[in-house]
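Asker: Next one to model:
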Amino acid sequence: MAKIKRLFNDPYDIVEEMVEGYVGAHKQYVKMCDLDEAQGRVVLANDAGTKDKVGVIIGGGSGHEPLFIGYVGEDSADAVVIGNINTSPSPDPCYAAAKACDNGKGCIYLYGNYAGDVMNFDMGAEKADEEDDIRVETVLVTDDVVSSENIPDRRGIAGDFFVFKVAGAKAATGADLDEVVAAAQKANDNTRSMGVAMSSATLPAKGGTIFDMEDGDMEIGMGIHGEPGIRRGKIDTADNVIDEIMEPILKDLPYVEGDEVYVLVNSLGATPLIDLHVCYRRVAQILEEKGIKVYKALVGPFACSMDMAGMSVTLMKLDDELKELMDAPCDTPYFTQK
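Answerer: Residues are numbered from 1 along each chain as shown. Okay, the predicted model is just below:
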């Protein structure tokens, strides 16, 4: 097993200590939720629950930073519910987030489609309804094209970011809950992703890697928790890897000539920006060859798997509404635009 090259104290305290450090570093944006049910696992935007708007609540396991915690702020998510590393949050913090964010217009839960998250967020929504008469709706992110042929069964990966951005912007307009749900669902329905891993992430509590991978190997289609992909082989050139990733993405929606897309080329943690821009270059070439216009692109670490070497490509097909919502201002610690 590879030795772990990370900085932490007691591995069982890493999430609490990360949250403490994060809130301290970004206090101009966020604060801890002080409700007992939050259990120290809910971080709120400083203005959460004070505006006449739908509460936007995101969440999932730790280890994917800046996803999820990094996107709580102004005109974005109002709260994040935080689980242990690669583990869904508990039901009570999910409930606490809704209680803290509701201002009479209800709340939306947004998270990747994983069984534990679905169960625990659903229990949080039931409690919010039964105890506080808060209406909570859910949109699951299902952008990972190779995780299942059946779209409702797919995992959520880096496409989370686009869905969160759209929902936060729609809520900021004062739209009602049904309208925010519709916008988030539209974003998800038009978003597709696929990735490649070239090493396992390391798990502090384990003191080593999550799974075994031979040095010099890659796995096409691997999930952000190390879920199996579709092919393992030797690491190939950037162009060949992107060609293999882009083909299933483009076929799946499908994306066709004349479409306009937002592109995200995402690092899974250890893959540097120089490599990501080489990859984006090939993504742009393929899209140009297909007659698909790149509206805008983002390149960097948006949805990671700690120190995993790897990257993913996400496309969102745009219409006028999605363009407007993606372009809307927001201000969070890890994504800001004016």
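
Asker: C-alpha from now on. contacts and neighbour counts both.
Answerer: Will do.

Asker: residue ranges for the helices of the stretch 51-200 of the chain, please.
Answerer: When secondary structure is read from DSSP state H, counting those that start in this stretch, the stretch 51-200 of the chain shows helices at 91-101, 115-132, 159-172, 177-189.

Asker: As JSON lines, those helices with distance to Ile274, mean pLDDT and mean neighbour count would be great.
Answerer: As requested, the helices of the stretch 51-200 of the chain are exported to JSON lines (distance: least, CA to CA, whole Å; pLDDT from 0 to 100; neighbours: other CA atoms under 10 Å):
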{"stretch": "helix 91-101", "distance to Ile274": "38", "mean pLDDT": "98", "mean neighbour count": "26"}
{"stretch": "helix 115-132", "distance to Ile274": "34", "mean pLDDT": "98", "mean neighbour count": "18"}
{"stretch": "helix 159-172", "distance to Ile274": "22", "mean pLDDT": "98", "mean neighbour count": "27"}
{"stretch": "helix 177-189", "distance to Ile274": "29", "mean pLDDT": "98", "mean neighbour count": "21"}
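
Asker: Who is Val141 paired with across the strands?
Answerer: Taking DSSP bridges, one obtains Gly112 as the residues bridged to Val141.

Asker: about what we covered before: reformat the helices of the stretch 51-200 of the chain as TSV; add distance to Val283.
Answerer: TSV is the format used below for the helices of the stretch 51-200 of the chain (distance: least, CA to CA, whole Å):
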stretch	distance to Val283
helix 91-101	37
helix 115-132	32
helix 159-172	16
helix 177-189	20
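
Asker: Select, out of those, the one closest to Met198.
Answerer: Distances from Met198 to each of the helices of the stretch 51-200 of the chain were compared by CA to CA, and the smallest falls on helix 159-172, at 20.3 Å.

Asker: That closest one to helix 177-189, inter-axis angle?
Answerer: Here helix 159-172 runs at 150 degrees with respect to helix 177-189, directions being taken by axes from the mean of the first three to the mean of the last three CA atoms, to 10 degrees.

Asker: packing partners for helix 159-172?
Answerer: Contact analysis of helix 159-172 by 3 or more CA pairs under 8 Å, 6 or more residues apart in numbering; DSSP states H and E lists strand 55-62, strand 107-112, strand 136-141, helix 177-189, strand 191-197, helix 320-327 as its packing neighbours.

Asker: Okay, domains of the protein per the record?
Answerer: 11-190+328-337, 194-318 (automatic domain parsing).

Asker: who touches Thr50 in this structure?
Answerer: Listed by CA atoms under 8 Å, 6 or more residues apart in numbering, the contact partners of Thr50 are Cys101, Asn103.

Asker: Doesn't it belong to a strand?
Answerer: No: counting by DSSP: H, G, I helix; E, B strand; the rest coil, Thr50 is located in no strand; its state is coil.

Asker: Pull the contacting residues for Arg232.
Answerer: Under the criterion of CA under 8 Å, 6+ apart, the neighbours of Arg232 are Asp217, Met218, Glu219, Ile220.

Asker: Tell me the spacing between the third one and Glu324.
Answerer: Taken as CA to CA, to the nearest Å, the spacing of Glu219 relative to Glu324 amounts to 36 Å.

Asker: These two: who's more crowded?
Answerer: Remark: of Glu219 and Glu324, Glu219 carries more neighbours, 22 against 14, as counted by other CA atoms under 10 Å.

Asker: For that one, name its beta-bridge partners.
Answerer: Beta-bridge pairing of Glu219, defined through DSSP bridges, involves Ala197, Arg232.

Asker: That one and Gly229 touch, don't they?
Answerer: Yes: here Glu219 lies in contact with Gly229, judged by CA atoms under 8 Å, at a distance of 6.1 Å.

Asker: For the helix or strand containing Asn240, buried residues please.
Answerer: Here Asn240 is covered by helix 238-252, with elements defined by DSSP states H and E. Going by neighbour count (16 or more other CA atoms under 10 Å), the buried part of helix 238-252 is Ala238, Asp239, Val241, Ile242, Glu244, Ile245, Met246, Pro248, Ile249, Leu250.

Asker: before we move on, what about stretch 193-201?
Answerer: Ser193, Met194, Gly195, Val196, Ala197, Met198, Ser199, Ser200, Ala201.
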